[in-house]
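1. sequence first, then the predicted structure, then my questions.
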Amino acid sequence: MTNVLVVGGGPAGLSAALFTQKNGLETTVFDTDGTWMHKAHLFNYPGIGSQDGSAYMATLRTQVDSFGVERREQEVTDVSATDDGFVVTTSEDEYEGSYLILATGADRGLAESLGCAFEDDLVDVDLSMETSVEGAYATGAMVRAEEWQAVISAGDGAAAALNILSKEKGEHYHDFDVPDDAAATFGVDGE
């Protein structure tokens with residue numbers, strides 16, 4: 001059983017997957033490459049002066065892949081809660097995981113079928129992006145009315161991931177690398 005199942009491969013889903021996998025939680029992402037980022041050009045994303053949205057997504061996928069995230073190019077048809085976590089159903093198979101992160105843009109259908117609470121047609125989440133279904137998180141456009149920025153979505157994904165990591169480690173967890181960590185991880189000079 002996978003630790004974390006992520007439905008959606010845009011900035012929110014891939015950011016969440018990056019944080020969880022990097023910190024030792026086996027993560028599977030279901031990514032049909034239907035992100036709105038293919039229609040975007042980034043001028044307002046911190047650290048990126050100007051980049052085509054598709055090029056940004058290619059870079060983000062390469063980064064996620066480098067940490068060993070399992071990315072499946074399968075459309076998710078259903079999600080359900082079990083006694084041990086969650087089941088994600090695709091046309092090809094079923095996948096089990098302890099946690100579920102929904103990162104499907106403005107498509108709230110899976111959150112609705114899971115039984116998540118809604119408020120004003122938005123999925124209701126707390127500050128950590130957790131829904132009313134324990135262990136299930138919702139991110140990005142499904143939880144925000146008209147606040148559809150890549151950087152906001154990526155932050156939502158990171159918040160969900162850090163909450164999951166905190167639960168797993170039994171204390172508040174912060175993913176903060178220092179130069180020595182980067183040197184050990186990537187084989188570069190940390191000075």
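-> That came through, no problem. Residues are numbered from 1 along each chain as shown.
2. just checking, what packs against whatever helix or strand Thr77 lives in?
-> Following DSSP states H and E, one finds Thr77 within strand 76-81. Packing contacts for strand 76-81, counted by 3 or more C-beta pairs under 8 Å, 6 or more residues apart in numbering; DSSP states H and E, involve strand 86-90, helix 109-114. Backbone N, C-alpha and C define where each C-beta goes, glycine included.
3. centre of the chain versus the longest one, how much separation?
-> Between the centre of helix 109-114 and the centre of its host chain there is 17 Å, according to C-alpha atoms, centre = their mean, to the nearest Å.
4. now the helix or strand following that helix, how far from the centre of its chain.
-> The element immediately downstream of helix 109-114 (helix or strand, assigned by DSSP H and E) is strand 118-119. Chain-centre distance of strand 118-119: 21 Å, with C-alpha atoms, centre = their mean.
5. could you pull out the strands in this protein for me?
-> Counting by DSSP state E, the chain has strands at residues 2-7, 27-30, 41-42, 51-52, 70-72, 76-81, 86-90, 94-102, 118-119, 122-123, 136-138.
6. hmm, back to that, strand partners of the strand holding Thr77, parallel vs antiparallel please.
-> With DSSP bridges as the test, strand 76-81 is paired with strand 86-90 (antiparallel).
7. the strand it pairs with relative to strand 94-102, how many degrees between them?
-> 110 degrees (axes from the mean of the first three to the mean of the last three C-alpha atoms, to 10 degrees).
8. how about residues contacting strand 86-90?
-> Contacting residues not belonging to strand 86-90 are listed as 5, 7, 30, 72, 74-80, 94-100, 135-136 [C-beta atoms under 8 Å, 6 or more residues apart in numbering].
9. CA atoms of the top helix by length along the chain as PDB?
-> Counting by DSSP state H, the longest helix found in the chain is helix 150-169. Output in PDB follows, covering the C-alpha atoms of helix 150-169 (Å, rounded to 0.1, in the frame of the first residue of the first chain):
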ATOM      1  CA  ALA A 150      -0.100  28.400  -9.800                       C
ATOM      2  CA  VAL A 151       1.800  29.600  -6.800                       C
ATOM      3  CA  ILE A 152      -1.300  29.400  -4.500                       C
ATOM      4  CA  SER A 153      -2.000  25.900  -5.700                       C
ATOM      5  CA  ALA A 154       1.600  24.800  -5.100                       C
ATOM      6  CA  GLY A 155       1.400  26.300  -1.600                       C
ATOM      7  CA  ASP A 156      -1.800  24.400  -1.000                       C
ATOM      8  CA  GLY A 157      -0.100  21.100  -2.100                       C
ATOM      9  CA  ALA A 158       2.900  21.900   0.200                       C
ATOM     10  CA  ALA A 159       0.600  22.600   3.200                       C
ATOM     11  CA  ALA A 160      -1.200  19.300   2.700                       C
ATOM     12  CA  ALA A 161       2.100  17.400   2.400                       C
ATOM     13  CA  LEU A 162       3.600  19.000   5.500                       C
ATOM     14  CA  ASN A 163       0.400  18.200   7.500                       C
ATOM     15  CA  ILE A 164       0.700  14.500   6.400                       C
ATOM     16  CA  LEU A 165       4.400  14.500   7.300                       C
ATOM     17  CA  SER A 166       3.600  16.000  10.700                       C
ATOM     18  CA  LYS A 167       1.000  13.300  11.400                       C
ATOM     19  CA  GLU A 168       3.400  10.600  10.300                       C
ATOM     20  CA  LYS A 169       6.300  11.900  12.400                       C
END
